[in-house]
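**Student:** the following comprises the amino acid sequence and a computationally predicted model.
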Amino acid sequence: NAGVTQTPKFRILKIGQSMTLQCTQDMNHNYMYWYRQDPGMGLKLIYYSVGAGITDKGEVPNGYNVSRSTTEDFPLRLELAAPSQTSVYFCASSESGTVNEQFFGPGTRLTVL
Amino acid sequence: DAKTTQPTSMDCAEGRAANLPCNHSTISGNEYVYWYRQIHSQGPQYIIHGLKNNETNEMASLIITEDRKSSTLILPHATLRDTAVYYCIGLRTGTASKLTFGTGTRLQVTL
């Protein structure tokens, strides 16, 4: 199993551009999450999904959108990128919401200039 | 979910036990204590979790006080590869339990 994979690893965006961060898991997990981590800080939850077709906001959803059309994929869309979105983005998945061992991807480092 | 308090940083000599404390005085009866760690620039990694009883797995042991207001993560024989930021998280298990990461404890294992 590859676990949780994320693409791209690095990206530089100009202010106002858009992009989609990809996340795929091959563990057949129902729950998936997107976090962001600013320098020297802990992770903050952006969006999460409890299954295909179901998504909900986390702590810091503004400026982002998600969709979950399949169990495997959970892309994160940035519209109109801003410097405040410069961060490292981590995707994670878990089998359920009760036993919360989350498996994390390697992250996408995004810089908005 | 309970607020947790951890020391900012700790050092440990390689081969010795690393004891990482966590205070969670507001934890409620149905909240678990989870521990994750994050090795530099990587995604966090689950270590262990517990509710009331002490727990042990291949990575670590978790000691929870009887009043559940604090806990200690023990890495029995720390190695250089255990250098990481360790997060203690109080989590009420339920629908889409969402982890709340603080700033954690930066553990530096030295020769």
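**Tutor:** Happy to help now that I have it.

**Student:** and residue 87, what does it touch?
**Tutor:** The chain I'm using is chain A. A:Ser87 makes contact with A:Arg36, A:Gln37, A:Asp38, A:Leu110 under the criterion C-beta atoms under 8 Å, 6 or more residues apart in numbering or on different chains. (Glycine included, C-beta is placed from N, CA and C.)

**Student:** let's do chain B instead
**Tutor:** Shown in contact with B:Tyr87 (C-beta under 8 Å, 6+ apart): A:Gly42, B:Gln6, B:Trp35, B:Tyr36, B:Arg37, B:Gln38, B:Pro44, B:Phe101, B:Gly102, B:Gly104.

**Student:** re earlier: most neighbours out of the contacts of A:Ser87, which is it?
**Tutor:** Neighbour tally across these (other C-beta atoms under 10 Å in any protein chain shown): the maximum, 23 neighbours, falls on A:Arg36.

**Student:** quick check: closest non-adjacent residue to it.
**Tutor:** A:Ser87 (4.4 Å; C-beta to C-beta, 6 or more residues apart in numbering or on different chains).

**Student:** phi, psi for that neighbour please.
**Tutor:** phi -170, psi 180 (degrees, to the nearest 10).

**Student:** just the pLDDT for it.
**Tutor:** Per-residue confidence at A:Ser87 stands at 97 (pLDDT).

**Student:** so how far is B:Ile48 from it?
**Tutor:** Using C-beta to C-beta, to the nearest Å, we find A:Ser87 at a distance of 28 Å from B:Ile48.

**Student:** per-residue pLDDT, B:Thr93?
**Tutor:** Reported pLDDT at B:Thr93 in the predicted model: 71.

**Student:** and the one 10 residues further on, by the same measure?
**Tutor:** According to the model's per-residue confidence, B:Thr103 sits at a pLDDT of 86.

**Student:** nothing else from me, thank you.
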